[in-house]
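Chemist: need coordinates for the below:
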Amino acid sequence: MRAICPVCFHHCALEEGQTGLCRARKNVGGRVVCDNYGKLTSMALDPVEKKPLARFYPGSYLLSVGSYGCNLRCPFCQNSDISMAGAEAETVFFPAEELVARACALQSRGNIGLAFTYNEPLVGYEYVRDCAELIHAAGMKNVLITNGTVCEGPLEELLPHIDAMNVDLKGFSQTFYDFVGGDFESVRRTIALSAPRCHVEVTTLVIPGENDTDEDMEAIGAWIASVDMSIPLHISRFFPQYRLCDRSPTPVQTIYRLRDIAAKHLRYVYTGNC
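Modeler: Sure thing, here's the model as predicted:
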């Protein structure tokens, strides 16, 4: 029986046993399920600033975990070995209870909770939800590092359990989102719905010749400010990655120029990879 995935705008129509574009969700018995549930490819105790989160418990740490799969196709992805992988990825299975126990055991090292990151965590939102509920019960925090390409239903299910997120706002037009296989409006909706409910920061990776004009950053800064001018924006420098190795790194002076433009609209603007 064919089933429609409800998680993102792709709404993959999957036959029995078929996996969606994200390579993490699968039709099993007429239901689209999270096929990467609890299957972790990566785990590290990271500084919160590395997420990046500049204004959420600075100086603390998060047990950061990732699986495989992604619902975008960014040609500059820095984690393509797992984000573009499927079930063939090398994983270790962690039940939610076991992962939460690991997070709790690391409190003595400054850990304040879990960060779901590295690949796109929302393609496996059920695992995020189950772990997040347990983390809150243990009095700790949940952080989501996401491309924001998710439908309203799954997002609303998760938001009561999320304390902070960093959302990639990759560009400011559907034309740019066509470049990465995404949906511009989905991302803007995620930021707008989440900002009143949890701590939100935004990251834009600046790629030469793609989204590096003054007009691009003027639009990004003004729109974020229309949601909340206190939302921190991280403007990050591009380095050649994955399938976009024909570009030079973003000039540092470009990042600083765009920072100054964004700062006309926003209280907190940070530069990254400079």
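Chemist: check contacts around the closest residue to residue 24 other than its chain neighbours.
Modeler: The shortest distance from residue 24 to any non-neighbouring residue, by CB to CB, 6 or more residues apart in numbering, is to residue 69 (3.0 Å). All C-beta atoms are positioned from the backbone trio N, CA, C, and that covers glycine. Shown in contact with residue 69 (CB atoms under 8 Å, 6 or more residues apart in numbering): 22-25, 36, 83, 85-86, 119-120, 123-124.
Chemist: got CSV for the residues you listed, with distance to residue 112 and pLDDT too?
Modeler: Conversion of these to CSV gives the following (distance: CB to CB, whole Å; pLDDT from 0 to 100):
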residue, distance to residue 112, pLDDT
22, 29, 98
23, 31, 97
24, 27, 98
25, 30, 98
36, 25, 98
83, 26, 96
85, 29, 96
86, 32, 95
119, 22, 97
120, 23, 98
123, 25, 98
124, 22, 97
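Chemist: filter the residues you listed down to the buried ones.
Modeler: Listed as buried from those are 22-25, 36, 83, 85, 119-120, 123-124; burial here means 16 or more other CB atoms under 10 Å.
Chemist: from those residues, which is closest to residue 188?
Modeler: Comparing the buried ones among the contacts of residue 69 against residue 188 with CB to CB picks out residue 120 as the nearest, at 17.2 Å.
Chemist: setting aside sequence neighbours, what's the nearest residue to that closest one?
Modeler: Closest to residue 120 by CB to CB, 6+ apart is residue 70, at 4.1 Å.
Chemist: show me the strands in the chain, by range?
Modeler: Secondary structure of the chain (DSSP state E): strands at 3-4, 13-14, 25-28, 31-34, 39-40, 42-47, 61-66, 92-93, 111-116, 141-146, 164-168, 199-206, 233-237, 269-272.
Chemist: now tabulate these in CSV and tack on distance to residue 249.
Modeler: Below are the strands of the chain laid out as CSV (distance: least, CB to CB, whole Å):
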stretch, distance to residue 249
strand 3-4, 41
strand 13-14, 39
strand 25-28, 35
strand 31-34, 36
strand 39-40, 31
strand 42-47, 23
strand 61-66, 25
strand 92-93, 34
strand 111-116, 26
strand 141-146, 22
strand 164-168, 19
strand 199-206, 10
strand 233-237, 6
strand 269-272, 12
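Chemist: rebuild the buried ones among the contacts of residue 69 as CSV, extending it with distance to residue 162.
Modeler: Compiled in CSV, these are given as follows (distance: CB to CB, whole Å):
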residue, distance to residue 162
22, 20
23, 24
24, 19
25, 20
36, 19
83, 21
85, 25
119, 17
120, 15
123, 16
124, 15
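Chemist: who does the nearest residue to residue 117 once chain neighbours are set aside form a beta bridge with?
Modeler: Counting by CB to CB, 6+ apart, residue 145 is the residue found nearest to residue 117 once chain neighbours are left out, at 3.8 Å. Beta-bridge pairing of residue 145 under DSSP bridges involves residue 166.
Chemist: would you mind measuring from residue 145 to residue 66?
Modeler: Here residue 145 is placed at a distance of 9 Å from residue 66 (CB to CB, to the nearest Å).
Chemist: give me the common contacts of the two.
Modeler: Common contacts of residue 145 and residue 66 (CB under 8 Å, 6+ apart): 116-118, 121.
Chemist: so how far is residue 34 from the residue nearest to residue 24?
Modeler: 9 Å.
Chemist: repeat that for residue 200.
Modeler: Counting by CB to CB, the gap from residue 200 to residue 34 is 24 Å.
Chemist: for these two, indicate the residue with more neighbours.
Modeler: residue 200 (27 against 22; other CB atoms under 10 Å).
Chemist: residue contacts, that one?
Modeler: Here residue 200 is in contact with 164-167, 191, 194, 228, 231 (CB under 8 Å, 6+ apart).
Chemist: quick one: which of these has the most company?
Modeler: residue 165 (29 neighbours).
Chemist: measure the nearest residue to it once chain neighbours are set aside to residue 64 for me?
Modeler: With CB to CB, 6+ apart as the criterion, residue 165 has its nearest non-adjacent residue at 4.1 Å, and that residue is residue 144. Residue 144 sits 11 Å away from residue 64, going by CB to CB.
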